[in-house]
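Novice: fold the following and give me the result.
(chains A and B)
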Amino acid sequence: MSHDQVYDAAPWSAHYAEAHREPEARLVNAASLPELLSQAGEQWADKVAFTTCMPNGMAGRLTYRQVEDKSDAFAVWLRAGLKLEPGTRVAVQMPNCLTLPVVAFGVLKAGCVLVNVNPLYTRREMEHQFNDSGAEVLIIANLFADKAQDVVPNTPVRTVVLTHMAQWFPPVVKSVLHLVMKYWNRVLPKHSMDALDIESVINEGRKLRDSQNIKVEDYWQSLKRDDMAVLQYTGGTTGVSKGAVLTHGNLLSNLEQVDTLTGRHIASGEECILTALPMYHIFAFTVNLLAFYYSGAHNVLVPSPRPIKNCQRAFDNYPISWISGVNTLYNALLNEEWFTVYPPPNMKVALAGGTALHKAVAERWMSVVGKPISEGYGLTETSPVVCFNLIGTERPDSIGVPAPNTQVRLVDDEGQTVPLGEPGELVVKGPQVMTGYWNRPEETDKSIKDGWFYTGDVAVMEADGHFRIVDRKKDMVLVSGFNVYPNEVEDCIARLPQVQESAVIGIPDEQTGEAVKAFVVLREEGLSAQDVIAHCRKELAAYKVPKKVEFRDDLPKTPVGKVLRKELRDPSQTKA
Amino acid sequence: MLSPLEETLLAVMMIVIMLGMGSSLTFKDFRLSLRSPQAVAVGFASQYLLMPLIAFLLARLLGLTGPQTVGLVLIGCMPGGTTSNIFAYFSKSLLSLSIIMTVCSTLAAIIMVPLLMEFYTSGVDDSLRIPPGEVIALLFVLLIPTLLGMWLRRKNANIGAVIELIGSLIGVFVIVFLVVTWAPRNWQLLLDTPWQVFFAVILVGLIGFAFGYVFARVLRLAPQKARTVSLETGIQNGPLAALIVTIAFSGELQQLVLLMPVLYSLFIVLNSTVVTLFYRRLTRREETARDQAKIEPN
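Specialist: Numbering: from 1, shown residues only, chains lettered A, B, ... in the order given. A predicted model of the protein is given here:
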């Protein structure tokens, strides 16, 4: 029997009514991202758009007018200076800093394709991504110039532009920061690369614009929603990194979807959002960079939120009203006295995503800050938002309801929908779903079937349309034919007060096919493997109980704080 | 010792350093420190109960002469020096707490120093009093630039942060300058000094650090606060002790007593530098660990 109707009736849409924007409210009205950006730039011209706040409080900022002017000039340089064709891939690799929005917007305005690159990538990963995307231009923070120098000759990249973390800070402050980074922190590597400087290329762009009377709109006015905007790489936690092709329409649709249901909580032109998550990541890219730029917010960028004390001066100096983060970030903030004693007084909503938000963290946040954390769910391939908790009615342990105009189903291994309340793989259909993986038709066919994108996440739906993620499908452990969801076992282990965190994987087992193995990080001494196993025996069905427990000093994590179970599975690592 | 010009220069530099230290602080930092007034109390107790006793016992144990004993106990009775703030800053301890403790102990010194000196070295000399003018001057040098720095930071975070950097650079410079220039110029003095005196001036600081830390930890202060108390306890206002000696004594006796604060001031800079580097690493490690830890159960 098909259960399609359970999902296709969209029981969640009943919740929209109360959350919907007032009819007169402005919804996203643009055919392309540059149009949206230009609208915002015009409307909020004199407001501060971005501030980069360093750990010691030093700061540099750009107004909307400056961002528009600089990104326009950068677009002109790409098209008239470098003579790039529309659709050329341009890679941007830097932590959060003022240059990132300027060049990202510039690339989009030039009708080129933005390739966001993780600055923490190794040389091998960079080389793969530049070759795979076919990027011809690279804008990179000078912190990584040595890596770029080694990698670029083996790739299609023909022009490299360097920028500084303190770019567009007041000159004295920039020089001081430069000296500190160079001689005290020693993070500026030597290089002999033939690279251009961001300031000079923007000046050149301005000159070209004036001398040739170029109108930047001409570059983007013909862009359609179906045109490719961003190549967003993913798969770092699961396998070979591949580029999700996100169109202008994908990203605009996602902005519209979020705006429809959360927009009324955003006071246009008045918000101040803390961006501690990296903007090369799809979550902060769409939500912090695009959605809040469009809303006229002041975006406070923190280049590196680790240790979390690096965010203290940002909270001290700016009236932060929104923040986006992952579980680990909120967890870390709640461990700081300066945060818990003086929680940000203007805070409205905290947005969580990327990885499951722990109930304990959500509750503590509520009691400390007095405002909720609203958890959402999304993937790189879906620009990213698929589901989120409607603000004001957040549910613990829930990813909320699907975004408007989004179809969601839960299916079994055969692709058949599962009955209500049973776990199944979450599949999505909607305007925010990517068109496919760049140059990988096979991978695309594997993940998009009949228009449904297979997320690889296992979820459960409640009768009223709220969803709960059970686990990653590929992380599931199969013990004698029974499914074990690592999250459940980890949650159980986390209840031991001595445990800081844990990760559960499957290991080959002669009798049961696979067996459960737990990696445990302790916060204090005095817990043995037997204690952990005995505790799990009390709380879990026998087949879910770890057969092996290994204690570790820490767990491998992605830059945004997701535990890399894959690395734990790698035998070369587990033996150690 | 130092020429008048150098002393003036040093005083000016101290003001710039404190301006820089102040620029690293916000009023919130002070409010946070005052949230745990027991830390101030613990610091106060370790400063005025532990240190004089440590100094006194050390003097007895090492069999120091009368003038040397007076000198050492005087150091033990001194309030925390501004140097303790600089080292608190560099060790990533709680600078705001350190400053509060320095201010409290300096104010209390007017009463505490004569009282303690009377107790430990009864009848040695009546004139071992703190000149109130000196205390006021000290507080001025400490507080005015700090408040000015804080105000600047509030007005403009960039100016504040630049001044902080300049202040801390000068701080390093002064410390290095003192260490490098002092020894060669006082070579003869160092050669003539018996080993017991070296032991005494070095140990009084080190034991102060250790006891201050343990005392604070026993009284359940968090590690970072305990490290702040530790630095505050071990680092005494050496120059103030030297000043008192020059006022209270004269002639050859003055020179004999003065030896102690002078040597103490030299070695405390060396001791503190080592301890600071160690504490700094601990703070960093704690920050990273806290960053990754799960939240405390409610």
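
Novice: isn't A:W452 up against A:V427?
Specialist: Yes: taking CB atoms under 8 Å as the definition, A:W452 is a contact partner of A:V427 at 4.2 Å. (Glycine included, C-beta is placed from N, CA and C.)

Novice: could you tell me which residues touch both of those two?
Specialist: The overlap between the contact sets of A:W452 and A:V427 (CB atoms under 8 Å, 6 or more residues apart in numbering or on different chains) consists of A:R409.

Novice: which one of those two is surrounded by more residues?
Specialist: A:V427 (25 against 19; other CB atoms under 10 Å in any protein chain shown).

Novice: quick check: which element contains the more buried one?
Specialist: strand A:424-429 (DSSP states H and E).

Novice: ok, residues contacting that strand?
Specialist: Everything outside strand A:424-429 that qualifies as a contact, by CB under 8 Å, 6+ apart, is A:382, A:386, A:402, A:406-413, A:417-418, A:451-460, A:467, A:469, A:473.

Novice: now swap in stretch A:174-186 and tell me
Specialist: A:54, A:58, A:60, A:143, A:164-169, A:187-188, B:161-162, B:165.

Novice: separate out the buried members of the residues you listed.
Specialist: A:54, A:58, A:60, A:143, A:164-169, A:188, B:161-162, B:165 (16 or more other CB atoms under 10 Å in any protein chain shown).

Novice: out of those, who's nearest A:I533?
Specialist: Distances from A:I533 to the buried ones among the contacts of stretch A:174-186, taken as CB to CB, are shortest for A:L143 (44.8 Å).

Novice: quick one on the thing from earlier: mind picking the two most distant members of the contacts of stretch A:174-186?
Specialist: Pairwise over the contacts of stretch A:174-186, using CB to CB, the maximum falls at A:L143 and B:V162, 21.5 Å.

Novice: how many neighbours does A:P171 have?
Specialist: Counted with other CB under 10 Å, A:P171 comes out at 9.

Novice: give me the pLDDT value at it.
Specialist: Note on A:P171: pLDDT of 93.

Novice: how close does it sit to A:S321?
Specialist: Separation of A:P171 from A:S321 (CB to CB, to the nearest Å) stands at 31 Å.

Novice: go on, A:T444?
Specialist: Taken as CB to CB, the span from A:T444 to A:S321 is 40 Å.

Novice: so the two - more neighbours on which side?
Specialist: Shown here are A:T444 and A:S321; by other CB under 10 Å, A:S321 has more neighbours (22 against 19).

Novice: from memory the more buried one sits against A:N346, does it?
Specialist: Yes: here A:S321 lies in contact with A:N346, judged by CB under 8 Å, at a distance of 4.6 Å.

Novice: need the residues touching each of those two.
Specialist: Counting by CB under 8 Å, 6+ apart, the contacts common to A:S321 and A:N346 are A:C272.

Novice: quick one, what contacts B:Y213?
Specialist: Counted by CB under 8 Å, 6+ apart, B:Y213 has contacts B:226-227, B:229-230.

Novice: cutoff 6 Å now
Specialist: B:226, B:230 (CB atoms under 6 Å, 6 or more residues apart in numbering or on different chains).

Novice: ok, then the element right after the helix or strand where it lies?
Specialist: Using DSSP H and E, B:Y213 falls within helix B:195-218. Note on helix B:195-218: by DSSP H and E, the next helix or strand toward the C-terminus is helix B:223-234.

Novice: residues near the closest residue in space to B:K225 that isn't next to it in sequence, how many?
Specialist: Using CB to CB, 6 or more residues apart in numbering or on different chains and skipping the chain neighbours, the partner closest in space to B:K225 is B:A39 (4.9 Å). Residues within reach of B:A39, counting by other CB under 10 Å, total 24.

Novice: which regions of the chain sit below the pLDDT cut-off?
Specialist: Went with chain A since none was named. Applying pLDDT under 70 to chain A picks out residues A:1, A:19-27, A:235-240, A:481, A:559-561, A:571-576.

Novice: the chain in question should be chain B.
Specialist: Those would be B:1-3, B:122-130, B:291-298, if you go by pLDDT under 70 across chain B.

Novice: what's the biggest helix in it, counting residues?
Specialist: helix B:251-292 (DSSP state H).

Novice: how far off helix B:223-234 does that helix point, in degrees?
Specialist: 180 degrees (axes from the mean of the first three to the mean of the last three CA atoms, to 10 degrees).

Novice: which strands and helices lie in contact with helix B:251-292?
Specialist: helix B:66-77, helix B:82-90, helix B:157-185, helix B:195-218, helix B:238-248 (3 or more CB pairs under 6 Å, 6 or more residues apart in numbering or on different chains; DSSP states H and E).

Novice: try 7 Å
Specialist: helix B:66-77, helix B:82-90, helix B:157-185, helix B:195-218, helix B:223-234, helix B:238-248 (3 or more CB pairs under 7 Å, 6 or more residues apart in numbering or on different chains; DSSP states H and E).

Novice: any chance of those in CSV, with distance to A:L390 too?
Specialist: Listed next are these as CSV, based on distance: least, CB to CB, whole Å:
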stretch, distance to A:L390
helix B:66-77, 65
helix B:82-90, 47
helix B:157-185, 37
helix B:195-218, 48
helix B:223-234, 41
helix B:238-248, 64
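
Novice: quick one: closest of the ones you listed to A:R364.
Specialist: Per CB to CB, nearest to A:R364 of the helices and strands packed on helix B:251-292: helix B:223-234, 21.4 Å.

Novice: just want the angle from that closest one to helix B:82-90.
Specialist: 160 degrees.

Novice: how far off helix B:195-218 does helix B:223-234 point, in degrees?
Specialist: 150 degrees.

Novice: who touches helix B:223-234?
Specialist: With contact meaning CB atoms under 7 Å, 6 or more residues apart in numbering or on different chains, helix B:223-234 is reached by B:36, B:39, B:42-43, B:46-47, B:50-51, B:80, B:84, B:87-88, B:91, B:93-94, B:97-98, B:101-102, B:205, B:208-209, B:211-213, B:216-217, B:221, B:272, B:279, B:282-283, B:286.

Novice: figure out how far that helix is from the centre of its chain.
Specialist: Offset of helix B:223-234 from its chain centre (CA atoms, centre = their mean, to the nearest Å): 11 Å.

Novice: likewise stretch A:446-460?
Specialist: 19 Å.

Novice: and stretch A:329-340, by the same measure?
Specialist: 21 Å.

Novice: same question for stretch B:94-112.
Specialist: 10 Å.

Novice: what parts of the stretch 51-200 of chain A come near chain B?
Specialist: Within the stretch 51-200 of chain A, the residues that sit near chain B (CB under 7 Å from any CB of the partner chain) are A:56-59, A:170, A:172-173, A:176.

Novice: please redo it, this time with the cut-off set to 8 Å
Specialist: Counting by CB under 8 Å from any CB of the partner chain, the stretch 51-200 of chain A comes close to chain B at A:54, A:56-59, A:169-170, A:172-173, A:176, A:180.
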